[in-house]
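Trainee: sequence and computational prediction follow.
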Amino acid sequence: QVQLVESGGGLVQAGGSLRLSCAASGRTFSSNAMGWFRQAPGKEREFVAAISRSGSTSPYADSVKGRFTISRAKNTVYLQMNSLKPEDTAIYYCAARVGYVYATRAQEYDYWGQGTQVTVSS
C-alpha cells in the first residue's frame with residue numbers, strides 16, 4: 001500500500017513558477033514508477049509527466065514540454081513548473097503504479113493522491 005500527499009499548489013501569475021511535491025509513504029515507494037496528471041474544470045484528466053524507479057523520465061505532454069520537469073528523491077516526487085500559463089490551471093494529481101517502468105495512461109496507476117490546486121492568473 002502506498003499513500004500519496006501532494007503539496008505546493010497555489011495561485012501564481014502567468015510566467016511564474018511553482019514546485020509541486022508528492023510525499024509517499026509505504027514500503028513499496030522505492031519500487032514504484034510515479035506520474036503527474038492534471039484535470040482542469042470540465043475536462044478529462046490528462047497526463048503531464050512520469051518517472052521510472054530508476055529515474056528515467058517519460059516524454060512530457062506537449063503542452064508542458066520545455067517548461068515542466070519531473071524528478072524524484074527519497075520518498076518524494078517533484079514537478080517543477082516554470083513559465084506558467086493560465087491554461088495550466090488545474091488540479092494536479094500524483095500517482096504511483098506497481099512496477100518499475102513509467103506509464104502515461106491513468107488506468108495504469110494504482111494509487112492516487114488527493115490533488116493540489118494550481119491557479120495561474122493572466
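Mentor: Nice, thanks for sending it over.

Trainee: contacts only, for the residue nearest to Ser63 when sequence neighbours are not counted.
Mentor: Using Cβ to Cβ, 6 or more residues apart in numbering and skipping the chain neighbours, the partner closest in space to Ser63 is Glu87 (7.3 Å). All C-beta spots, glycine's among them, are computed from the backbone N, C-alpha and C. Glu87 sits next to 40, 63, 120 when contact means Cβ atoms under 8 Å, 6 or more residues apart in numbering.

Trainee: buried ones in the one helix or strand Ser71 maps to, by neighbour count?
Mentor: Using DSSP states H and E, Ser71 sits within strand 68-73. Neighbour counts over strand 68-73 (16 or more other Cβ atoms under 10 Å) mark 68, 70, 72 as buried.

Trainee: count the residues that sit near the closest residue to Ser122 other than its chain neighbours.
Mentor: Nearest residue to Ser122, sequence neighbours excluded (Cβ to Cβ, 6+ apart): Pro86, at 4.7 Å. For Pro86, the neighbour count with other Cβ atoms under 10 Å is 11.

Trainee: where does pLDDT dip in this protein?
Mentor: Flagging of the chain using pLDDT under 70 yields the residue ranges 27-31.
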